[in-house]
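coords please:
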Amino acid sequence: MAEAPKLYTNKPKKAQLKQFQGKDFSSPSSSSSSMGTHPPPPPPPQPPKESFARRYKFLWPLLLTVNLAVGAYIFMRTKKKDTDVELVDEVATPVETTATVTVPLDKSLPTPIVKEPPPKLRQPISENQQLELFKWILEEKRKIKTNDPEERKRIDEEKALLKQFIRTKSVPSI
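Down below sits the predicted model:
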C-alpha cells in the first residue's frame, strides 16, 4: 500500500529524505520478522531560520568599528595633505606682508600699531643645484606636447632661455 504524503512544518532537505527512504527500504526485511510494523519517526523539527542580521549579530559592532576607523583614517589623511599643500604654497610664493591701518570712526580711539614680522632669510642655492634644476626644467619642457601654436612658441622660447643658462659658465642667482 502506498502511504499518503507526509506534511511537514519545515520541509526536510534532500539528504534527510534519502536517509529516511533508505531506512524504509531496509525496514521491510526486518519488519517482516517483527510482529508489527512501525513507521519511521518523523525528522526532528528544524528551528525557524533567523534573519541574516540576527544570525551574525556579533559582526555588527566589529563592522561599525572598522568603518569608523577607515573613515577617520581617510579624513585625517586628506586633512594632512591640505595642510601640506598650504605649507608648500607658502614656501613657493614669498608672502609680502603689508601693514594696513584702518581709520577708526571715532577719533578718540587710538590707532592700532601693526608690526611686520622680519622676513625669513633663506640660504642661497648653489650653482650646481641651479644648473641641475635648469636641466630638469628643460627635460620637463621637452616632454610637453601641445596643439596650440602660441603655447608651442612660448615653450620653445622658454627652452631656448634655459639652454642659454645651462651653456653659460656663471649661473644667474635665483
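
burial count for Leu138?
16 (other CB atoms under 10 Å). For the C-beta atoms, the positions are set from N, CA and C on the backbone; glycine is no exception.

correct me, but it touches Leu161?
No - at 9.7 Å, Leu138 does not count as touching Leu161 under the criterion of CB atoms under 8 Å.

Name the residues contacting each of these two.
Shared contacts of Leu138 and Leu161 (CB atoms under 8 Å, 6 or more residues apart in numbering): none.

contact partners of stretch 155-171?
Looking at what lies outside stretch 155-171 - CB under 8 Å, 6+ apart - the contacts are 127, 130-131, 134-135, 137-138, 141-142, 144, 146, 172.

6 Å - rerun?
127, 130-131, 134, 137-138, 141, 144 (CB atoms under 6 Å, 6 or more residues apart in numbering).

Show only the entries of these found in helices.
127, 130-131, 134, 137-138, 141 (DSSP state H).

Now, of the residues you listed, which are buried?
Neighbour counting by 16 or more other CB atoms under 10 Å classes 130, 134, 138 among those as buried.

nearest to Phe58, of those?
Proximity of these to Phe58 (CB to CB) peaks at Leu138, which lies at 62.3 Å.

host element of the closest residue to the closest one other than its chain neighbours?
Excluding its sequence neighbours, the residue lying closest to Leu138 (CB to CB, 6 or more residues apart in numbering) is Leu162, at 4.5 Å. Using DSSP states H and E, Leu162 sits in helix 149-167.

what does Lys79 give?
Residue-wise, Lys79 maps onto helix 59-92 under DSSP H and E.

any weak-confidence spans in the chain?
Residues of the chain that meet the criterion pLDDT under 70 lie in 1-8, 22-36, 81-112, 171-174.

mind running it again at 50?
Along the chain, the model assigns pLDDT under 50 to residues 24-33, 95.

Alpha carbons of stretch 162-171, in PDB - could you do that?
The C-alpha coordinates for stretch 162-171 follow below in PDB (Å, rounded to 0.1, in the frame of the first residue of the first chain):
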ATOM      1  CA  LEU A 162      67.000  77.600 -20.300                       C
ATOM      2  CA  LYS A 163      69.600  76.300 -22.800                       C
ATOM      3  CA  GLN A 164      71.400  79.700 -22.600                       C
ATOM      4  CA  PHE A 165      71.500  79.500 -18.800                       C
ATOM      5  CA  ILE A 166      72.900  75.900 -19.000                       C
ATOM      6  CA  ARG A 167      75.600  76.900 -21.500                       C
ATOM      7  CA  THR A 168      76.900  79.900 -19.600                       C
ATOM      8  CA  LYS A 169      79.700  79.500 -17.200                       C
ATOM      9  CA  SER A 170      78.100  81.500 -14.500                       C
ATOM     10  CA  VAL A 171      74.600  80.800 -13.500                       C
END
